[in-house]
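In: Using only what follows, build the 3D model:
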Amino acid sequence: MRLPAFPLAVLALAAAAPAVAADAAHGQELYESRCGGCHSLDANRVGPAHRGVYGRKAGTAANFGYSTAVKNATVVWQEKTLDAWLANPQALIPGQRMNFRVALPEDRADIIAYLRQQSAK
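Out: Below is the predicted model:
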């Protein structure tokens with residue numbers, strides 16, 4: 001007897017290991033070691049301050065001199081957009097000035113969890 005593909009796909013997904021939740025504590029470590037040279041939660045540096053970034057429109061942090069590309073972007077910083085930005089900023093907003101990427105999806109998820117946590121404070 002041959003089973004249809006859909007039930008097999010459901011069984012395969014059910015058998016897969018559950019996704020690991022993002023780790024904001026590890027995200028803080030990553031943020032401090034990888035992002036802290038240019039960013040701070042509360043002060044603009046080479047890059048804009050990040051407290052409150054989650055849910056904020058790109059290019060709107062107070063008193064920061066954004067590139068024209070970021071100022072004109074329609075991006076709102078959420079899980080998906082932050083992940084795309086950290087993976088490849090130039091692909092998300094061509095003409096922006098950040099020249100840094102976070103290669104591992106798990107690391108991006110942890111940094112995003114940390115930023116989301118800090119944005120709520």
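In: List the buried residues for the host helix or strand of residue 81?
Out: With secondary structure defined by DSSP states H and E, residue 81 is part of helix 79-87. Under the neighbour-count criterion of 16 or more other C-beta atoms under 10 Å, helix 79-87 has 81, 82, 83, 85, 86 buried. Any C-beta I mention is one placed from the backbone N, CA and C, and that applies to glycine too.
In: The second one contacts residue 54, correct?
Out: Going back to what we said before, that points to residue 82. Yes - taking contact to mean C-beta atoms under 8 Å, the distance of 7.4 Å between residue 82 and residue 54 places them in contact.
In: Tell me the residues that contact both of these two, please.
Out: Both residue 82 and residue 54 are contacted by 112, 115, under the criterion C-beta atoms under 8 Å, 6 or more residues apart in numbering.
In: will you turn the buried residues of helix 79-87 into CSV that also has distance to residue 116 and pLDDT?
Out: Output for the buried residues of helix 79-87, formatted as CSV (distance: C-beta to C-beta, whole Å; pLDDT from 0 to 100):
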residue, distance to residue 116, pLDDT
81, 12, 98
82, 9, 98
83, 12, 98
85, 14, 98
86, 13, 98
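In: For the longest helix seen in the chain, which outside residues touch it?
Out: As assigned by DSSP state H, the longest helix anywhere in the chain is helix 105-119. Residues outside helix 105-119 that contact it (C-beta under 8 Å, 6+ apart) are 20, 22-28, 30-31, 34-35, 41, 50-56, 79, 82-83, 86-87, 102.
In: can you rerun that using 6 Å?
Out: Residues from elsewhere that reach helix 105-119 (C-beta atoms under 6 Å, 6 or more residues apart in numbering): 22-24, 26-28, 30-31, 41, 50-54, 82-83, 86, 102.
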